[in-house]
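1. Next one to model:
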Amino acid sequence: MKKILLLLITASLLNGCSVLKNYALKSFISPKYKSIAFSEDNIPASPDYSSDKSWAVLPSKYPKQLTDFIGNIKASNAAVFYIYPTLLLDPKDVSWNSDIYKKQIREDVINKAVKYQASAWASAGELYVPFYRQAHIRIFTSPYDKEGEKAWELAYLDLKQSFEYFLKHHRKNRPIIIASHSQGTIHAKRLLQEYFDGTDLQNELVAAYLVGAQIKIDDFKFLRPLNSFNETGGYVSWNTFKKNKYPKKYDKWFEGGVTTNPINWDSKKASNLSEHLGLLYIDDKIYPKSVKVVKKNGILWTSLPKVPNRIFLSLIKSYHYADINLFWADIQKNSIDRLNAWVERKNNL
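-> Predicted structure coming up:
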């Protein structure tokens, strides 16, 4: 009974924090998904990226939730294309793809993903966040992974169309930062393969922050992991777990993946508390010197965060929900550092 109570309290805490809101109690209990056969007749209405309504964030329409949080920062030196994680999580929801015109879907993207994740890059460049018909979370679970291949393709095609519109109408020859998490990262990997890997556009890439999904060296022919804080033209990636804990299906989902140290941004396998710039927590405050990390094969181990009520976080071994929150201030500074290095190198050509 005591363990159940602790789980409920922990779920309540997580339910109040950014992207953590998406996990709540169902993160601790294996869900039983309801489902139906994928049908072309049930596909939600498609986005129209020439319309502002199909974008969660454009420089001309930063949502109040974002500006209230970060202020009126609108750095214009770079263009940041951010792809949000899976927010379609209800086990009882039989839809395969999200309806971007539903109020709840739109609010979730802005109140959770944009405010607490995309905001980390807002000081480096103007944010562009397309709504897309993301696939339901069950697509990562057998047998739905096979049944939902068309749903997955639909989600990617939305992002492909939005990215092409972004390049043609919004980028305006500025350097590009790609930022993503979880499902968003798997889609971002494909965008990089198609548009950047070995192309002229790779020269315009400040960095790709491919967080919360496995990225392997051989996923790309020319793009490479970045191994210093000011290196550009490649990518960084990590998947976060509590120290000394390994995820289920580690060998399938994580082992062999690129693991960046998002505190030092170099080849160091571990960091110190004093080097950590700041974690973004449930109370919207930044907590510096809160965690230290150790790189393992395909995953990033982190210490128990030094935040209020940290005892409840000790019950959790997967910090996937907080892959970005844990290093929010570190990401913010690093994106600026990389942009400045990209500009300097460009000017010296």
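2. Which parts of the chain are strands?
-> 55-57, 79-83, 126-130, 176-181, 205-211, 234-236, 240-242, 279-280, 286-287, 293-295, 300-302 (DSSP state E).
3. Let's have those in CSV, adding distance to residue 323.
-> In this view, the C-beta of every residue, glycine as well, is placed from N, C-alpha and C. Formatted as CSV, these follow (distance: least, C-beta to C-beta, whole Å):
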stretch, distance to residue 323
strand 55-57, 19
strand 79-83, 14
strand 126-130, 17
strand 176-181, 6
strand 205-211, 5
strand 234-236, 12
strand 240-242, 5
strand 279-280, 12
strand 286-287, 16
strand 293-295, 12
strand 300-302, 8
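4. what's the most buried one of those strands?
-> With neighbours taken as mean count of other C-beta atoms under 10 Å, the strands of the chain reach their highest mean count in strand 205-211, at a mean of 28.
5. neighbouring strands for it, and are they parallel or not?
-> Strand 205-211 sits in its sheet next to strand 176-181 (parallel), strand 234-236 (parallel), going by DSSP bridges.
6. so can I have a markdown table of those strands showing distance to residue 113 and mean pLDDT?
-> Formatted as a markdown table, the strands paired with strand 205-211 follow (distance: least, C-beta to C-beta, whole Å; pLDDT from 0 to 100):
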| stretch | distance to residue 113 | mean pLDDT |
| --- | --- | --- |
| strand 176-181 | 8 | 98 |
| strand 234-236 | 19 | 98 |
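7. looking at those strands, which is closest to residue 88?
-> Judged by C-beta to C-beta, the one of the strands paired with strand 205-211 that comes nearest to residue 88 is strand 176-181, at 14.4 Å.
8. Could you tell me the angle between that closest one and strand 79-83?
-> Relative orientation of strand 176-181 versus strand 79-83 (axes from the mean of the first three to the mean of the last three C-alpha atoms, to 10 degrees): 20 degrees.
9. Strand 176-181: how far from the chain's middle?
-> Offset of strand 176-181 from its chain centre (C-alpha atoms, centre = their mean, to the nearest Å): 8 Å.
10. Skip the chain neighbours and tell me the closest residue to residue 196.
-> residue 202 (4.7 Å; C-beta to C-beta, 6 or more residues apart in numbering).
11. So for the longest helix seen in the chain, what gets flagged as buried?
-> Selection of the longest helix in the chain by residue count, based on DSSP state H, yields helix 328-347. By neighbour count on 16 or more other C-beta atoms under 10 Å, the buried set for helix 328-347 is 328-339, 341-342.
12. Counting by contacts, list what that helix packs against.
-> Helices and strands touching helix 328-347, by 3 or more C-beta pairs under 8 Å, 6 or more residues apart in numbering; DSSP states H and E, are strand 176-181, strand 205-211, strand 279-280.
13. can you list the residues that contact that helix?
-> 77-78, 80, 116, 119-121, 123-125, 175, 177, 206-207, 209, 226, 229-233, 262-263, 265, 276-280, 286, 288, 324 (C-beta atoms under 8 Å, 6 or more residues apart in numbering).
14. Go ahead and confirm residue 170 touches residue 129.
-> No. Using C-beta atoms under 8 Å, residue 170 makes no contact with residue 129, being 11.4 Å away.
15. hang on, the earlier thing: including distance to residue 47, could the helices and strands packed on helix 328-347 go into TSV?
-> Shown next, in TSV, are those (distance: least, C-beta to C-beta, whole Å):
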stretch	distance to residue 47
strand 176-181	18
strand 205-211	22
strand 279-280	29
